[in-house]
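*Asks:* turn this into a model:
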Amino acid sequence: MANRMTGCKMAIDFSVDSEDLRQALKPFFAGRARGKAAALEYVDVKAQKDEIEFVSTAIAATIPGEVISSGCARIPFRLFETLFRKPQRLAEGRLSIQIREGQIQAGPMTVNSPDVSVLLIGARIADLPLDAPPLETLALTLRFSDEELADSGLLARVEAAQRRTDDLIDGPQNSCNRSESPAMT
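*Replies:* Purely as a prediction, here's the structure:
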């Protein structure tokens, strides 16, 4: 990704009330895709001043928090869900969270993942509904560059829509070629 911080070991460090976090994140997990679709989703976490903002495709939430070290990170949705679907399991009251390149620590749990990335603080400029059809997803390429789509966490979804579209186009042609039989004489 173009805006990934390289060579920077700064951690994003903040604490939040675990009940505030649970309430704010409920909509993130309701009706969310599972399986392959979930593998393409990310959640951006921005800690700045006295607020923590969580942003994913078609949804955002902001809660008060104590920010020790501000910054922005991108976490794969599956990992985010595993950690934060029930944050009260991690801590009663205040929950301390640290995010580094390749690692997230929430309360007593530390998870290493190469897909956890620390980003420059910025805003997502492109967004889509969760159930956007492939053509709507592909239309983003007319308005945004690959870099902008990557910065918004949508490049993988656009690439998946392109592959599905290619398969839909190639599928009937391949099946026609296979079903052709030599002319009868």
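*Asks:* from here on, contacts and neighbour counts on C-alpha atoms
*Replies:* Will do.
*Asks:* quick one: the strands in the protein?
*Replies:* Residue ranges of the strands in the chain, as given by DSSP state E, are 12-17, 42-48, 51-56, 59-64, 66-69, 71-76, 94-100, 103-106, 109-112, 117-119.
*Asks:* the fifth one pairs with which strands?
*Replies:* I take that to be strand 66-69. According to DSSP bridges, strand 66-69 forms sheet pairs with strand 12-17 (antiparallel).
*Asks:* now the strand it pairs with: average pLDDT?
*Replies:* Regarding strand 12-17, the rounded mean pLDDT is 95.
*Asks:* follow-up on the earlier one: now render the strands of the chain as CSV, adding mean neighbour count and distance to Phe84.
*Replies:* As requested, the strands of the chain are exported to CSV (neighbours: other CA atoms under 10 Å; distance: least, CA to CA, whole Å):
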stretch, mean neighbour count, distance to Phe84
strand 12-17, 21, 12
strand 42-48, 24, 11
strand 51-56, 20, 11
strand 59-64, 16, 13
strand 66-69, 18, 18
strand 71-76, 24, 11
strand 94-100, 20, 11
strand 103-106, 20, 9
strand 109-112, 12, 11
strand 117-119, 24, 17
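*Asks:* could these be laid out in a markdown table, adding distance to Ala161?
*Replies:* Putting the strands of the chain into a markdown table (distance: least, CA to CA, whole Å) gives the following:
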| stretch | distance to Ala161 |
| --- | --- |
| strand 12-17 | 33 |
| strand 42-48 | 17 |
| strand 51-56 | 18 |
| strand 59-64 | 20 |
| strand 66-69 | 37 |
| strand 71-76 | 19 |
| strand 94-100 | 30 |
| strand 103-106 | 29 |
| strand 109-112 | 29 |
| strand 117-119 | 24 |
